[in-house]
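>>> with the sequence up front, the predicted model follows.
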Amino acid sequence: MSAELSGTTALVTGATSGIGRAAAIELARRGAKVVVSGRDEARGQQVVDGIREAGGEALFLAGDLSDAASARSLANRAKEQAGQVDVLVNNAGIFPVGPTHETSEQDFESVYAINVKAPFFLVAELAPDMASRGHGAIVNVTTMAAELGASGASLYGSSKAALTLLTKAWAAEYGPFGVRVNAVSPGPTRTEGTSGMEEKLKAIASASPAGRVGTAEEIASAIAYLATDAAGFIHGAILAVDGGRTAV
Ligand code: NAP
């Protein structure tokens, strides 16, 4: 077990599946105590069990991130049960696609609630504590769809574009107090959440230098890197982990 993050606690949202689960496993492998969060208790417990079997430390906290109160509640329960939170990974997200004119107000509210409002109030609750200790790292998971104007991605892309801006605003706000805020921007990645979209993922990936779909572990590795002191001079960066798709 690596000691890079030993003595720290990481809260990972959406850690019951895909990229979040891989990030929780990788952070634990690097020595962090990980608070695994999501709505599905059975899948959450499986992730915790896997981390413990590998010699790591983890606990599960259930939470439906649907508004500010649920975000604040998750942050406070994490502080109570894990002592403090040193690393926050804002990964939980939903990514429906469709025409703007067929998007209901309810769709709009739910996408912005989980993709923007929940990270906003988790940071509001946790960043001041990190700042008062003079040390902390926040990693937001955005998407390459926040960079490109893609038909059908207006709702999802704009919500993640908000998270991209928040990454920079929070870097400016909390960076001077020792809290580094960065984002990982994945390209097409094979997860449970994209399991019905294999052909679409391959089509997007075919236009990239890597020419292939990414794995959750490849995204997790970048998330974990940004959480460690190895990334100590990196503030407000949006790290593209997309096989080079947004570079060409
Ligand atoms: P996934 O497999 O669908 O996992 C999504 C996670 O978010 C699950 O753990 C889910 O947990 C949690 N979640 C969803 N709604 C929630 C809610 N209301 N409250 C609390 N947790 C909730 O997705 P993924 O593909 O790993 O994506 C993870 C992140 O990467 C997302 O932010 C996504 O936008 C971003 N991303 C993904 C790709 C890709 O190609 N996969 C590309 C770019 C960006 P429960 O089901 O337990 O609630």
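Cool, got the structure.
>>> spatially central, which residue of the protein would that be?
Asn91 (2.1 Å; CA atoms, centre = their mean).
>>> and for Leu148, the neighbour number?
If you count neighbours by other CB atoms under 10 Å, Leu148 ends up with 12. Every C-beta, even on glycine, is put in place using the N, C-alpha and C of the backbone.
>>> which residues sit in contact with it?
Leu148 is in contact with 157, 246, counting by CB atoms under 8 Å, 6 or more residues apart in numbering.
>>> and Ala69, how many neighbours?
For Ala69, using other CB under 10 Å, the count is 9.
>>> let me know the secondary structure of it.
helix (DSSP: H, G, I helix; E, B strand; the rest coil).
>>> got it, and the one 4 residues further on?
At Ser73 the chain is in helix, as set by three-state DSSP.
>>> which residue, other than its chain neighbours, is closest to it?
The shortest distance from Ser73 to any non-neighbouring residue, by CB to CB, 6 or more residues apart in numbering, is to Gly63 (6.8 Å).
>>> can you tell me the strand partners of the longest strand anywhere in the chain and which way each runs?
Across the chain, the longest stretch assigned as strand under DSSP state E is strand 179-186. According to DSSP bridges, strand 179-186 forms sheet pairs with strand 136-141 (parallel), strand 238-241 (parallel).
>>> so which of the ones you listed comes closest to the ligand?
Closest to the ligand of these, according to CB to the nearest ligand atom: strand 136-141, at 4.5 Å.
>>> enumerate every residue touching the residue nearest to Gly244 when sequence neighbours are not counted.
Spatially, and ignoring its direct neighbours in sequence, Gly244 is nearest to Pro209 (3.5 Å; CB to CB, 6+ apart). Applying CB under 8 Å, 6+ apart, we find Pro209 in contact with 243-245, 247-248.
>>> this structure: strands as residue ranges?
Secondary structure of the chain by DSSP E: the strands cover 9-12, 33-38, 57-62, 87-90, 136-141, 179-186, 189-190, 214-215, 238-241.
>>> let me have those strands in a markdown table, adding mean pLDDT, mean neighbour count and distance to Ala203 as columns.
Converted to a markdown table, the strands of the chain look like this (pLDDT from 0 to 100; neighbours: other CB atoms under 10 Å; distance: least, CB to CB, whole Å):
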| stretch | mean pLDDT | mean neighbour count | distance to Ala203 |
| --- | --- | --- | --- |
| strand 9-12 | 98 | 29 | 30 |
| strand 33-38 | 98 | 28 | 29 |
| strand 57-62 | 98 | 20 | 36 |
| strand 87-90 | 99 | 30 | 28 |
| strand 136-141 | 99 | 26 | 22 |
| strand 179-186 | 99 | 27 | 16 |
| strand 189-190 | 98 | 22 | 14 |
| strand 214-215 | 98 | 18 | 14 |
| strand 238-241 | 98 | 20 | 19 |
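>>> average pLDDT for stretch 15-26?
Stretch 15-26 comes out with an average pLDDT of 98.
>>> ok, residues contacting that stretch?
With CB under 8 Å, 6+ apart, stretch 15-26 has contacts from 10, 12-14, 34, 36-40, 43-44, 47, 50-51, 54, 56, 58, 89, 91-92, 141, 186, 189, 191-194, 215-217, 219-221, 223-224.
>>> that older thread, do the longest strand of the chain and the ligand meet at all?
Yes. Strand 179-186 is in contact with the ligand by CB under 6 Å from any ligand atom, via Pro186.
>>> just how off-centre is that strand within its chain?
In terms of CA atoms, centre = their mean, to the nearest Å, the gap separating the centre of strand 179-186 from the centre of its chain is 9 Å.
>>> for stretch 220-236, buried residues please.
220, 222-228, 231, 235 (16 or more other CB atoms under 10 Å).
>>> in helices, which of those residues fall?
Those of the buried residues of stretch 220-236 mapping onto helices are 220, 222-227, per DSSP state H.
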